[in-house]
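> need a 3D model of the sequence below.
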Amino acid sequence: MFAISLGDDGAKLRPLEPWNAEEYLAHIDRSREYIGPYVALADRATDLASARAFLQSYADKAAADSGRIYGIWLDGTLVGGVLFKSFDTYFGTCEVGCWLERAAVGRGLITRAIRVLIDWAVEERGIHRVEWLPAAANTASINVAKRLGMVHDGVLRQSHPHRGVRRDMEVWSVLAPEWRERRNSAGRA
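Numbers count the residues shown, from 1 in each chain. As a prediction, this is how the structure comes out:
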C-alpha cells in the first residue's frame, strides 16, 4: 500500500478501494449532511453494500484506466477524498473532483491533494486538459479551482440533476502548459 504525504500535518493521500468500504461508509455517514447538497456520492453509499459497490465502480474504472478515487486520511481517520471522475488519455482530458468532512475544512487538504492528482495526470500520463465542474452554488469548491489557478470556462446551465433539482455547473480548467508554468513560477518565488 502506498500513501503520499500531503504535508507536515500528518495528512495522507492513498487509494480508496473496495476493502475500505466500512471505513468509507462511516466517513460518509459523518459527512452526509455537509457534502450532500453538492456532492452526489453522499447519496450513493447508504449501507455497506452500496459503499462497496461505489468503491468497486472506481476500482473498475482504475482497471480500465478511465478514473480513480483516493482518500484523504488525517491522523489515521478518513476525512475526505479526491478523484478522477473521468480520465481519457486518448483525448488527453480528465475531470477531477473532491469532498471533505466539515471537521477537516480550512486546512488546505483538498488543494494539496488535487495538486498531486494534476501533477501526476500532466507529468506522468500526458493529460493536456484537467477540468473541475463544481455546482455554481458551491463556493468552497469554486475557491479551490481559483487557488489551483484554473480558468473559468463557463456555466453549463441546468445540466446536472441532483436531489430533484437541475443545477448549473461551472466549468473550470487548466491546461498542461499553464499548470507547468504556474508550478515553475511558484518554485522560483
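> quick check: buried residues in stretch 60-75?
Of the residues in stretch 60-75, K61, A62, S66, G67, R68, I69, Y70, G71, I72, W73, L74 count as buried by neighbour count, 16 or more other CB atoms under 10 Å. C-betas here are computed from N, CA, C, even on glycine.
> where does the chain dip in pLDDT?
1, 187-189 (pLDDT under 70).
> helices along that one, start to end?
In the chain, the helices defined using DSSP state H lie at 21-35, 41-44, 48-63, 109-119, 139-147, 176-188.
> elements contacting the second one?
Helices and strands in packing contact with helix 41-44 are listed as helix 21-35, helix 48-63; criterion 3 or more CB pairs under 8 Å, 6 or more residues apart in numbering; DSSP states H and E.
> off-centre distance for the last one?
Meaning helix 48-63. Centroid separation for helix 48-63 versus its chain: 16 Å, with CA atoms, centre = their mean, to the nearest Å.
> tell me the helices and strands packed up against it.
Against helix 48-63 (3+ CB pairs under 8 Å, 6+ apart) you get helix 21-35, helix 41-44, strand 68-74, strand 77-88.
> 7 Å instead?
helix 21-35, helix 41-44, strand 68-74 (3 or more CB pairs under 7 Å, 6 or more residues apart in numbering; DSSP states H and E).
> tell me which of the ones you listed is the most buried.
Greatest average neighbour count among these goes to strand 68-74 (a mean of 23), per mean count of other CB atoms under 10 Å.
> how about that strand as CSV, C-alpha atoms only?
Taking C-alpha atoms only, strand 68-74 is exported to CSV below (Å, rounded to 0.1, in the frame of the first residue of the first chain):
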residue,chain,number,x,y,z
ARG,A,68,-9.6,6.7,-9.9
ILE,A,69,-10.5,7.6,-6.4
TYR,A,70,-8.3,8.4,-3.4
GLY,A,71,-9.0,9.0,0.2
ILE,A,72,-7.5,11.7,2.5
TRP,A,73,-6.6,10.5,5.9
LEU,A,74,-5.8,12.9,8.7
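> distance of the closest residue to D168 other than its chain neighbours from W172?
Closest residue in space to D168, ignoring its immediate chain neighbours: A136 at 4.0 Å, by CB to CB, 6 or more residues apart in numbering. Going from A136 to W172 by CB to CB, to the nearest Å gives 11 Å.
> of those two, which one has the most company?
Neighbour count, other CB atoms under 10 Å: between A136 and W172, W172 has more, with 22 against 15.
> wouldn't the more buried one be in contact with A145 here?
Yes - if you go by CB atoms under 7 Å, W172 and A145 touch, sitting 3.9 Å apart.
> so what sits against both of the two?
W132 (CB atoms under 7 Å, 6 or more residues apart in numbering).
> can you redo the helices of the chain as JSON lines with distance to D168?
Output for the helices of the chain, formatted as JSON lines (distance: least, CB to CB, whole Å):
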{"stretch": "helix 21-35", "distance to D168": "19"}
{"stretch": "helix 41-44", "distance to D168": "19"}
{"stretch": "helix 48-63", "distance to D168": "25"}
{"stretch": "helix 109-119", "distance to D168": "21"}
{"stretch": "helix 139-147", "distance to D168": "12"}
{"stretch": "helix 176-188", "distance to D168": "25"}
